[in-house]
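Chemist: Sequence and predicted structure below; questions after.
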Amino acid sequence: MANRREFLKGIATVGAASGLGVASNPATSDASTQAGQELSAVPPSSREAAMEGERPDDDYSETEAEHYFVDHPGSDFMVDVVKSLGIDYLASNPGSSFRGFHESIVNYGGNAKPEFLTCLHEESSVAMGHGYAKIAGKPLAVACHGTVGLQHAAMAIYNAWCDRAPVVVLAGNHLDATERRAGVEWAHSVQDAAKLVRDFTKWDDTPMSLAHFGESLVRAYKIAMTPPMGPVVIVMDGHLQEQEIGSPAPVVPDLSPTVPPQGDSGALREAAELLANAERPVILADRTVRTAEGMARLVALAEALQAPVVDRAGRLNFPTNHYLNHSGRARGLVSNADVILGLELYDFWGNVNRMSDLVHREATRTARADAKLISLGVNDLFIKSNYQSFQRYQPVDLSIAGDAEATLPALTEEVKRAMSPERRAGTAEREATLRRAHDEMRERAKVEATYAWNASPISTARMCMELWQQIRVRDWSMVSRTSQVSSWPQRLWNMDRHYQFIGGSGGYGVGYGAPGAVGAALANQEHGRLSVAIQADGDLMYAPGVLWTAAHHHIPLLSLVHNNRAYHQELMHLQKMASRRRRGADGRAKIGNVFEEPFIEFTEMARGLGVWSEGPIHDPNELAPAIARAIDVVEQGEPALLDVVSQPR
Amino acid sequence: MGCYQCHGYEGQGARPTGPRIAPEPLPFAVFSTWVRHPPEVMPAYSRDVRSEDKLERIHEYLISIPPPPDVSTLPALSEN
C-alpha cells in the first residue's frame, strides 16, 4: 500500500498536472497529523476543483482514484461471512474502529440480515444478544470498539457466559501502530483486545488477513453454538476493514455445526438402573431445555419414572401445570430423595447442601447422606479458573458429560428398559400421590396470593395475576426473571412452552433485565408472540436508553416496572448487617439503597425515550385497565411501559 | 423497622425472603421469642435495637390487618 508520503507526492503531481493548488509541504502535513486531524491526507479542495470547472466529477486519474476510493473493501467480505452464518441482527453502538464494517453493513449488505440495531450502550447490545439467543436459538452479532466498547460490554459478556448464551462480539481495533492516526485512534487501539474478556468467553481470535477472518468467525460461531454455549469475540482490524479485498478474493468457509455431545451409553444404563429402582427419585433441572422438543423429552423421562421435577428456573424446563412439577416443594423432596438426578445443574452443591448466612458460616447437607447423586450436563466440559461462577465442588456417584437435552431420549429408553413390571406398578402408586401434592401446592399458592391483594403499594401477586389474566388467552412469552416477584408466574401461571420463560442474567450482573427483555422480544416478534417483562426498577436505570432502541426499531414489549423504589436485595443485606451488629434502629439501612427524594418518574423517562407509558400506578384496581391499554399498544407493534409502585418482593 | 423488607408491608410474606406473618400473627410471647432468637435465616433483633414496646406495636399492627378476600371472589385467581 502507498504510504502517506507517497500519497502526498502523488497528489502533488496530479495537482501540478491539473493546475490544482494542493498543499504538498510535508512539514505542513506532518504538523496536521500530529494535531490529530480527522483526514489522513489533505485532498484538493473540492471548492477549488469545482471552481476550476474543467474536469467532469468522475474523471479521476488512476493515482487519484487509488487514493480516493476503495471499490471492494475488506469489510464487504466480512459482511459476506456474517451473512453466510444467517445472523439477522447487528446490535451496536457506532464506533470509528469499525466504521468500515458499519458502512458495509448498511450499504453493501443493504442493512438486512443483518440489520443494524442502534444501541445506546455496548452493555445493552450484548444483553440484547443474550436475551435474543435464548428465544431465537441462535446468536446475533454485536459490534463495538475493541477498547472502550468492549469495556462497556464486559459485564454483559460475563452474564452471557454464566448463562450459557451464545453471542458473537466483533471488536474493532487498529493493530498496526504505523497505520494509526494520532489521538483517538491510539487511545482506541490495543495489543490484545479480547484479553479483557478472555476469562469469560469461550474463544476469541485476532485475524491478520481476510481469509483468516473468515475462518475464525465461522469457527467462533460454531464454538459459541456448541453446548456449553457461550460468547465469543473476533477482532476486526481497521486496516483489514478499510483496504481492498485484493485478489484472489478469500472464500467464505462453510459452517459445519457440531452435533451436541451425548452421554456415554454405559453410564446412562447405570443411571437408569439407579433411577428405575429408586423409591423417591427427584429430577432437578436448570439450563436444560432449549426447544419444544427438549421440554417434551423431559416430560417423557419424568413420566416414565413418575418422578417429581424441580425446575431451578435457568430456563423453562418443565410445564408448571404438569402434575409432576413440584418446584415449590424442592426442600422436602431433596431431603427425602434416595436418588437425585441433576440436569445441567450449574450448582449441584447448592441443591443438596445449605450454607447459613450467620456470623459463622456453616454448611450442612440437606440431601440424605445415602442419597445417590447423578449429574448429567456439559458443565464439566468447559470451565475456566479465574471467575468462580462454577460453584462449589460436589462429589456425585455418577457424573455424565453430555448435553442433557440431547441425551434425554437415550436415558428415557434405558429407564423404560430397566423398569421391571413390579417397579412399574410402584410408580403408578406414586403417580396418585404426586398428583395430589401438585394440586395442593397450586391451591396453596392461590391462597397465598390473596394476602395483601388490595394493598398499596401493589402486591407482586396482584401484579402478576392481573397480567396473567390478560395474557393467558394470547400466545405470550415472559422475557424477564421472576424471582424478584416471589416466582408467582411459576407458581400460578400455566407455562408449558419453552419460550414462555428464559431465566435470568446468569451472572447476577444488574443491567441485564431491560436489554435482555428487548432482545428476547425482538426474537419473539417474528412469531407474533406477546412479550411481557416484569422489569426491576434498579436494573432499568443502568442503561434505560434501550427503551429508545425498542421504540426506534418498533420492538413490541410490555414492561411492568416492579417499582419497589430500592435496590431491595441490598437493603435486606444491610438490614441483616445492622441487626447482626445491634445498631441502625433508626432505619439507616436505607442509605445508599433506596430511590427516594426524588422518586424516579419512569413514565416520564419512558415517554422521553419514545415509549408509550402510564403510571405511577398505586391503586391495584387501576392495574387491569392500564394493562389492557398497554397490550393494545404492544399489539400495534410498539413497546409500552407501566410504572407499578409495588411491594418489595 | 425493616420487617417489611422480607415480609412485605402487610406481612403477606414473599418467597424466598420471608414467610407470611399476618393477619393472625403468632401469640406475642412466641412472636417476641422468635424475633429475638430466630432459628435460621432471619436476622436476630436484640432488645437494644427493637424494644419490647416496639415489638408490641408491630404485633398490634399485624393483628389489625384484615383477612384477605376469598380466592373465589377474585377472577384473576379463581379463573386460573
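Modeler: Great, that's in hand.
Chemist: C-alpha from now on. contacts and neighbour counts both.
Modeler: OK.
Chemist: Contacts only, for A:His145.
Modeler: By CA atoms under 8 Å, 6 or more residues apart in numbering or on different chains, the residues touching A:His145 are A:95-98, A:171-173, A:188.
Chemist: switch to 6 Å and redo it
Modeler: A:97, A:171-172 (CA atoms under 6 Å, 6 or more residues apart in numbering or on different chains).
Chemist: what do you get for A:Glu638?
Modeler: A:Glu638 makes contacts with A:554-556, as judged by CA under 6 Å, 6+ apart.
Chemist: And for the nearest residue to it once chain neighbours are set aside, the neighbour number?
Modeler: Nearest non-adjacent residue to A:Glu638, counting by CA to CA, 6 or more residues apart in numbering or on different chains: A:Pro556, 4.3 Å away. A:Pro556 has 27 neighbours, counted by other CA atoms under 10 Å in any protein chain shown.
Chemist: Wait, A:Pro556 touches A:Ala640, no?
Modeler: No. Using CA atoms under 6 Å, A:Pro556 is not in contact with A:Ala640, being 7.6 Å away.
Chemist: Spatially central residue for the chain, please.
Modeler: Looking at chain A here, since you left the chain open. Nearest to the geometric centre of chain A sits A:His130, at 1.5 Å (CA atoms, centre = their mean).
Chemist: could you do chain B instead?
Modeler: Nearest to the geometric centre of chain B sits B:Ile21, at 2.8 Å (CA atoms, centre = their mean).
Chemist: What lies in contact with the longest helix along chain B?
Modeler: Scanning chain B for the helix with the most residues, using DSSP state H, yields helix B:52-64. Helix B:52-64 is contacted from outside by B:22-24, using CA under 6 Å, 6+ apart.
Chemist: Among the residues you listed, which one has the most neighbours?
Modeler: For the contacts of helix B:52-64, the largest number of neighbours (other CA under 10 Å) sits with B:Ala22, at 23 neighbours.
Chemist: Could you find the closest non-adjacent residue to the closest residue to chain A within chain B?
Modeler: For chain B, the residue closest to chain A is B:Arg15, as judged by CA to the nearest CA, at 4.5 Å. Nearest in space to B:Arg15, with sequence neighbours left out and distances taken as CA to CA, 6+ apart, is A:Ser486 at 4.5 Å.
Chemist: Likewise for A:Ser84?
Modeler: Per CA to CA, 6+ apart, closest to A:Ser84 is A:Val252, 7.6 Å.
Chemist: Number of residues surrounding the one you found?
Modeler: By the measure other CA under 10 Å, the count of residues near A:Val252 is 21.
Chemist: Distance of it relative to chain B?
Modeler: A:Val252 sits 51 Å away from chain B, going by CA to the nearest CA, to the nearest Å.
Chemist: any idea which element that residue lies in?
Modeler: Under DSSP states H and E, no helix or strand contains A:Val252.
Chemist: Just the pLDDT at it, thanks.
Modeler: Per-residue pLDDT puts A:Val252 at 98.
Chemist: can you check A:Asp30 too?
Modeler: pLDDT, read off for A:Asp30, is 39.
Chemist: what about whichever residue of chain A sits closest to chain B, how many residues close to it?
Modeler: Nearest to chain B, among the residues of chain A, is A:Ser486, at 4.5 Å (CA to the nearest CA). By other CA under 10 Å, 19 other residues sit near A:Ser486.
Chemist: contacting residues for it?
Modeler: A:649, B:14-15.
Chemist: Please produce a markdown table containing those residues, extended by secondary structure and distance to A:Ser256.
Modeler: Below are the contacts of A:Ser486 laid out as a markdown table (DSSP: H, G, I helix; E, B strand; the rest coil; distance: CA to CA, whole Å):
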| residue | secondary structure | distance to A:Ser256 |
| --- | --- | --- |
| A:Arg649 | coil | 46 |
| B:Ala14 | strand | 48 |
| B:Arg15 | coil | 45 |
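Chemist: Which of the three states applies to the nearest residue to A:His553 once chain neighbours are set aside?
Modeler: Excluding its sequence neighbours, the residue lying closest to A:His553 (CA to CA, 6+ apart) is A:Leu117, at 7.3 Å. At A:Leu117 the chain is in strand, as set by DSSP: H, G, I helix; E, B strand; the rest coil.
Chemist: Just grab the bridge partners of A:Leu117 for me.
Modeler: Applying DSSP bridges to A:Leu117 yields these beta-bridge partners: A:Ala91.
Chemist: host element of A:Ala156?
Modeler: helix A:148-162.
Chemist: Okay, buried residues for that helix please.
Modeler: Neighbour-count burial for helix A:148-162 flags A:149-162 (criterion: 16 or more other CA atoms under 10 Å in any protein chain shown).
Chemist: Over to stretch A:536-554?
Modeler: Buried residues in stretch A:536-554, counting neighbours by 16+ other CA under 10 Å, are found at A:536-540, A:542-552, A:554.
Chemist: Mark which of the residues you listed are part of helices, please.
Modeler: A:537-540, A:546-552.
Chemist: Can I get the contacts of A:Ser486 in JSON lines including distance to A:Gly294?
Modeler: Putting those into JSON lines (distance: CA to CA, whole Å) gives the following:
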{"residue": "A:Arg649", "distance to A:Gly294": "31"}
{"residue": "B:Ala14", "distance to A:Gly294": "31"}
{"residue": "B:Arg15", "distance to A:Gly294": "28"}
